[in-house]
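# Return a 3D structure for these sequence lines:
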Amino acid sequence: MNETPLRESHLRSVLKGITWRVIATSTTITIAYLITGHIGDSLKIGAIEFIGKVLIYYLHERAWQLVPRGRIRQIFYRK
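So this is what the prediction gives:
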């Protein structure tokens, strides 16, 4: 049987990153507000964090797509 390796689309990587960032950024904004007491500053911190981490997550996901499936197992379980 000829199995085609599953590859995640660019769009799926972006959507996964955005949905996670909404959750994580809400947490960051809440923590920033508890520390600063200023909603404006908290929202600015959250916005910067959101944009930066979506970009980093996307690049991380795409980098992993360059690694053939099963390759990590081959590296760690060599005999």
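# in this structure, which spans are strands?
Ranges of strands in the chain, per DSSP state E: none exist.
# where in it is pLDDT low?
The model of the chain has pLDDT under 70 over residues 1-5, 73, 79.
# quick one, what contacts the spatially most central residue of the chain?
The centre of the chain sits closest to Tyr57, judged by Cα atoms, centre = their mean, with a distance of 3.2 Å. With contacts taken as Cβ atoms under 8 Å, 6 or more residues apart in numbering, Tyr57 has the following neighbours: 16-17, 20-21. No exception for glycine: its C-beta is placed from N, CA and C like everyone else's.
# list the contacts for Gly40?
Contacts were defined as Cβ under 8 Å, 6+ apart; by that measure Gly40 touches no other residue.
# wait, I meant Ile18
Per Cβ under 8 Å, 6+ apart, neighbours of Ile18: Val54.
# any idea how far Gly37 is from the residue nearest to the centre of the chain?
With distances taken as Cβ to Cβ, to the nearest Å, Tyr57 is found 30 Å from Gly37.
# Could you do Gln65 as well?
When Cβ to Cβ is the yardstick, Gln65 and Gly37 sit 43 Å from each other.
# Which one's more surrounded, the two?
For Gln65 and Gly37, the more surrounded residue by other Cβ atoms under 10 Å is Gln65, and the numbers stand at 14 against 9.
# The contacts of Tyr57, buried ones only, as a PyMOL selection?
One line in PyMOL is enough to select the buried ones among the contacts of Tyr57; burial here means 16 or more other Cβ atoms under 10 Å:
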select buried, resi 17+21
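# could I get the contacts of Tyr57 as TSV with distance to Gly52?
Putting the contacts of Tyr57 into TSV (distance: Cβ to Cβ, whole Å) gives the following:
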residue	distance to Gly52
Lys16	17
Gly17	12
Trp20	14
Arg21	10
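# Just name the closest of the contacts of Tyr57 to Tyr77, please.
Comparing these against Tyr77 with Cβ to Cβ picks out Lys16 as the nearest, at 28.1 Å.
# How about the contacts made by the closest one?
57, 61.
# mind running it again at 6 Å?
Going by Cβ atoms under 6 Å, 6 or more residues apart in numbering, Lys16 touches no other residue.
# Done for today, thanks.
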